Each structure stands twice: as C-alpha cells, then as structure tokens.
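> how would this look folded up:
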Amino acid sequence: MLWDIMSADAVEPLAEGQPSRGRPRDADVDRKIIEAARSVYGERGWAGFSFGAVCRAAGVSKDAMYRRYASREDLLVAALHEEPIPINFDADADLRDQLIEIASLTLAAFASPEGMIPFRAFVDAATNPEVGELYYQQVAVAHVRYMYDLTNRAITEGRFSAIDRPTAFIDGLLGGLIMHVLATPPDKRSKMVAHADDFVRDHVDLILRGAGYDFDRG
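Numbers count the residues shown, from 1 in each chain. As a prediction, this is how the structure comes out:
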C-alpha cells in the first residue's frame, strides 16, 4: 500500500497490548488476527470493530485474542501498523519517474480491499478522535513526511518554478488519485489498476506542469 512508502525515520508504532507469560505465541494465529482485524475495520469501521467480530473472521478463540490484546484500541494499533517497504531511489533518479512509481502504488493501494481503511479512519475520527489519532500516528505521519521531504527537496533544488510550498502539489497529486478510485465502480477497480499506466503518467505530468517542472532537465 501507499502506507508502506516510508522514510527511514518513520514514526515508531504505539505500544501494543502485552501478551501474558506462558507458551510462545502461534505466529499463524497472530497473522490471522491481524488480517481479520484489518478486514473487519475496513468493512465496518470502529462501530463494528470488536473482539468478537475479529475472532469470528479469523477463526480463533476469544481466549487467544485476550492473551494478545487488552483492548480493541490495542488491536487496532497492531492492525494499522505494518513494517515499511522502503523505496530506495538512486540519488540521480529522475523526479518524474519517482513520482510515477509512488502514484502507481498509491492508486493500487486505494483500489485494494484495504483501501477503505483510511476513509473509515477519517469518518470515525469525527465521533471518535482517538481513532483518528491512532491512524495519524501509525500510518499517516511517516508518509506525509516522506512526500513533504521529496517535494521540499525539489523546490529547494529549483525543480519547480511555479510553487514555493509543497502542500498544494501533494494534495493535487494524491487527491487526484483518490478521486479516480472513488469515481470507478468497485467491480471495475481491478481492471482500472491493471490498465492504469497511461492515467498515472498523464496525471503526474499534469501536476508537474502546474508546478513549473522542467521536463528537459529531468
């Protein structure tokens, strides 16, 4: 997912519920719980996110759940946190190529079954601010930082002649991708992603032109 594009100084995850002492935990059960938790939260949001719902989806006992997590907040923290999959571009990598790769991953992420998670967190934050804070700390901070660093570096290097701040550039780039997903019927999203190369290139080029990017310089 987009949420896996992290900088090296990504924010550390919040503390998870501590397992009780005893025999070693079953890694397969751990995996089933996390996968089920992400699925349940993406489908139902905070209102439908409970130990019972996750246990049923994972096919595990409540005892196994309570040995791992003290509360559903702890479970959501664990479910939202994923180890980063860093994108390590060459120092001389073309900025346009970098943005196309980031945009491609972003589009695929939002079109995936788990793409509902950020939208759920946004909606839930209105009535449950702690959920919004969990999502912000566990997922958003590192990725916002990554994009700000990338865009600020381009501005500092004189790559953009029409902007001097990164916010509008980032919002335009990522916002356009999100809208493209939302405007595509769910049953057609897999096909959209499979044939997204032309759209992604056109979208990135549109945003770059608006920022005054010199395509000849690269």
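> and Ala183, how many neighbours does it have?
8 (other CB atoms under 10 Å). The way it works is simple: take the backbone N, C-alpha and C, and place the C-beta from them, glycine included.
> Against Leu177, how distant is it?
Ala183 sits at a distance of 11 Å from Leu177 (criterion: CB to CB, to the nearest Å).
> repeat for His195
When distance is defined by CB to CB, His195 is 15 Å away from Leu177.
> Have a look at the two and say which one is more surrounded.
Set side by side, His195 and Leu177 show more neighbours around Leu177, with 26 against 9, by other CB under 10 Å.
> so where is the chain shaky, pLDDT-wise?
Across the chain, residues meeting the criterion (pLDDT under 70) sit at 1-24, 82-91, 218.
> can you do 80?
Along the chain, segments meeting pLDDT under 80 span 1-25, 81-93, 217-218.
> can I see the domain layout of it?
13-80, 95-210 (automatic domain parsing).
> show me where the protein has helices.
27-44, 51-58, 62-68, 72-80, 95-111, 117-125, 129-135, 141-156, 167-182, 189-194, 197-210 (DSSP state H).
> Which among those is found nearest to Asp216?
Relative to Asp216, the nearest member of those by CB to CB is helix 95-111, separated by 11.3 Å.
> quick one: that closest one to chain centroid distance?
Mean-position distance between helix 95-111 and its chain equals 12 Å (CA atoms, centre = their mean, to the nearest Å).
> That helix versus helix 167-182: what angle between them?
40 degrees (axes from the mean of the first three to the mean of the last three CA atoms, to 10 degrees).
> Show me which positions of helix 95-111 end up buried.
Residues 95-96, 98-111 are the ones in helix 95-111 that count as buried (16 or more other CB atoms under 10 Å).
> which one among the residues you listed gets closest to Asp164?
Using CB to CB, those come closest to Asp164 at Leu95, 16.7 Å.
> Make sure that closest one is actually in contact with Thr151.
No - using CB atoms under 8 Å as the test, Leu95 is too far from Thr151 to be in contact (9.6 Å).
> How many neighbouring residues does Ser190 have?
With other CB under 10 Å as criterion, Ser190 counts 13.
> That one - nearest residue in space that isn't next to it in sequence?
Ala111 (7.3 Å; CB to CB, 6 or more residues apart in numbering).
> show me what contacts the one you found?
181, 184, 189-190, 192-193 (CB atoms under 8 Å, 6 or more residues apart in numbering).
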